[in-house]
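Novice: attaching a predicted model along with its sequence, questions to come.
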Amino acid sequence: MRQDNRMSAEIGGSTAAAPPLETTETPATGISIRGLEHSYGELRTIERLDLDGAPHSVVGLVGPSGCGKSTLLELLCGLREQDAGTIEVGGGASGADRLARCAYMPQRDLLLPWYSAIDNAALALRNRGLGRAEARGQAARLFERFGLAGFEAARPAELSGGMRQRVAFLRTLVSGKPLLALDEPFASLDAITRAEMQEWLAGALRADPRTVVLVSHDVEEALYLSDRVAVLSARPARLVAELRAPAPRAVDRDAAVTDPAFVAVREDALRALHTALRGS
Amino acid sequence: MHGMGDKGTTQRGVWRWVLPALLLAALIGAWQVAASSGAIARALNLESFLVPSPAEIATSLWENRSLLAENAWVTLREILLGILAALLVGLAFAVAMSRWRLVKDATYPLLVASQTIPIVTIAPILVVWFGFGIGPKVLIVALISFFPITVNTLDGLRSVDPEAVKLLRSLDASRWQRLKRLEGPTALPNVFTGVKIAVVFAPIAAVFAEWSGSSSGLGHLIQSDSANFEVARQFATIAVLSAMALILVGLTVLAERRVVTWR
């Protein structure tokens, strides 16, 4: 698996005629969760959960805070083991398979302060044994494509909150893994920066489609960025409703989120959330 | 507004040096007057050559400069080798303790308990075992330095953000890569704290070790001067010893600033 990634990256890098997209192209990977159960000792966090994600689609997860969304992401990424049920990512069901196929982006950006922005973004490549220059070269291409050119050498402390989140997302993208697990990526940002970042992320995913599972506490954000939004109940988390987003990752975000169809689905989602809260 | 603030901080920075320097000068001045007038000797009912004035100490310092330098080099080598040994063993030990719970559970209580042993009292035994050479001195310095370095490093390694560990695992980092890219840099400021403590105590340890049996070094010099009532040179040796410790602390702080650039 790792070997394959490196091979394809090298082939992409050495083919002069290939467009820059080539280097980050990943196999289309779906997810399938069946009968998932998890608890921390006595505390039941997830109960009989079924969830699917088609290749290159974005699945949004919303639910009351503390309902086990983050735990679900960690299970998906192979950072934890479930008590029962199966989690398949791209056909692999073991923890090691999931770990190899998923890239986890935690709530806080967690950029390492002793590395520059580009070295933070290139972390996964370095871990896979690439030399510093080569890893930086690959990450630099993405910096250019995603509006971070000129900030390669900056230390995280010198970047604004929005910039830090962009670098953190690129770090996830550069890993070259087919599934991205994003845990409330923009929760720490102010409203205006957050809207900008949602548009930016939508653009990034249009340019470089991946299978994404996105946890959010913001229904609007989830509905704008996702193809499908799963509403989870309060702990233990169960699937309460699944909604189809009317205009996933539309170029004009403001128009998309004020469209009557969008507003109607958002109301449905909020109603489902309220039921989820009361039902617990 | 901003400029005024800067000016204020530089002024305070200057004061931080000037104020203690003035106090030190005043103390030395008072000592000079009291010693050269014979007041201290009279009060203690001593011969005046037993109470040297700062000027006499300075003269001794200058006249014995090559002797002091020679012996200072001996003691400095003991200190540096001892700290280096403590650093190598302490870092390895801290990493092992943070990695294998069993190692920590088994050794940590013993490590803390061992601090009740006044290590300098072991020095005579070590001299009996290992002779008059540099070995026992390095060992004593290393034993004194080992604890602060190990405990501080362990604290640093354990302060790693568990979310960052998950992130690194998801980005395919092996345990070794996690140590190198995450835990190590996180613990680095703590390592320096440990070294700073070690550097302060190491000269004392070296002197005690030399007192237990040696033929050279600043500790040895103090001991033989004490037997010969060479009080002025004893003071001169003490001045060299504390200057050495100060320089070592200063160098450690400089090294920390160069290495830990993200704080």
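Specialist: Cool, got the structure. In this text, all values refer to a predicted model and were calculated from it rather than measured experimentally.
Novice: show me which residues of the host helix or strand of residue B:157 are buried.
Specialist: Using DSSP states H and E, residue B:157 maps to helix B:135-158. Buried residues in helix B:135-158, counted by 16 or more other Cβ atoms under 10 Å in any protein chain shown: B:135-154, B:156-157. Yep, even glycine has a C-beta here, placed from its N, CA and C like the rest.
Novice: so for the helix or strand hosting residue A:100, mean pLDDT?
Specialist: Following DSSP H and E, the helix or strand that holds residue A:100 is helix A:95-101. The pLDDT scores in helix A:95-101 average 90.
Novice: can you tell me what sits against that helix?
Specialist: Residues outside helix A:95-101 that contact it (Cβ atoms under 8 Å, 6 or more residues apart in numbering or on different chains) are A:1-2, A:29, A:76-79, A:81, A:87, A:89-90, A:92, A:177-179, B:169-170, B:172.
Novice: next helix or strand past that helix?
Specialist: Sequence-wise, the next helix or strand downstream of helix A:95-101 (DSSP H and E) is strand A:102-105.
Novice: that next one: partners in the sheet, and parallel or antiparallel?
Specialist: Strand A:102-105 sits in its sheet next to strand A:179-183 (parallel), going by DSSP bridges.
Novice: any idea of the mean pLDDT in the partner strand?
Specialist: Rounded mean pLDDT across strand A:179-183 is 93.
Novice: send me it as CSV with only the CA atoms.
Specialist: Extracted in CSV, the C-alpha atoms of strand A:179-183 (Å, rounded to 0.1, in the frame of the first residue of the first chain):
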residue,chain,number,x,y,z
LEU,A,179,-10.2,9.1,2.6
LEU,A,180,-10.1,12.4,4.6
ALA,A,181,-11.6,12.5,8.0
LEU,A,182,-12.1,16.1,9.1
ASP,A,183,-13.2,16.8,12.7
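Novice: got the angle between the helix or strand just after that strand and strand A:179-183?
Specialist: Downstream of strand A:179-183, the next assigned helix or strand under DSSP H and E is helix A:191-207. Using axes from the mean of the first three to the mean of the last three Cα atoms, to 10 degrees, the direction of helix A:191-207 lies 170 degrees away from that of strand A:179-183.
Novice: straight-line length of stretch A:122-135, end to end?
Specialist: 6 Å (Cα to Cα, to the nearest Å).
Novice: circling back: separate out the buried members of the contacts of helix A:95-101.
Specialist: A:29, A:76-79, A:87, A:89-90, A:92, A:177-179, B:169-170, B:172.
Novice: tell me which helix or strand the residue of the stretch 1-150 of chain B found nearest chain A sits in.
Specialist: When scored by Cβ to the nearest Cβ, the stretch 1-150 of chain B has residue B:91 as its residue closest to chain A, at 17.5 Å. Taking DSSP H and E as the definition, residue B:91 sits inside helix B:65-99.
Novice: other SSEs contacting that helix?
Specialist: If contacts are counted by 3 or more Cβ pairs under 8 Å, 6 or more residues apart in numbering or on different chains; DSSP states H and E, helix B:65-99 sits against helix B:101-114, helix B:135-158, helix B:184-211, helix B:218-227, helix B:231-259.
Novice: quick one: contacts of the shortest one?
Specialist: The reference is to helix B:218-227. Taking Cβ under 8 Å, 6+ apart as the rule, helix B:218-227 contacts B:67-68, B:71-72, B:74-75, B:206-211, B:214, B:231, B:233-234, B:237-238, B:240-241.
Novice: so how far is that helix off the chain centroid?
Specialist: 20 Å (Cα atoms, centre = their mean, to the nearest Å).
Novice: in that helix, what counts as buried?
Specialist: For helix B:218-227, by 16+ other Cβ under 10 Å, it's B:218-223, B:225.
Novice: that older thread, now the contacts of helix B:218-227: which count as buried?
Specialist: Of the contacts of helix B:218-227, these count as buried by 16+ other Cβ under 10 Å: B:68, B:71-72, B:74-75, B:206-211, B:214, B:231, B:233-234, B:237, B:240-241.
Novice: that older thread, tell me which of the contacts of helix A:95-101 fall in strands.
Specialist: Using DSSP state E, the subset of those located in strands is A:87, A:89, A:179.
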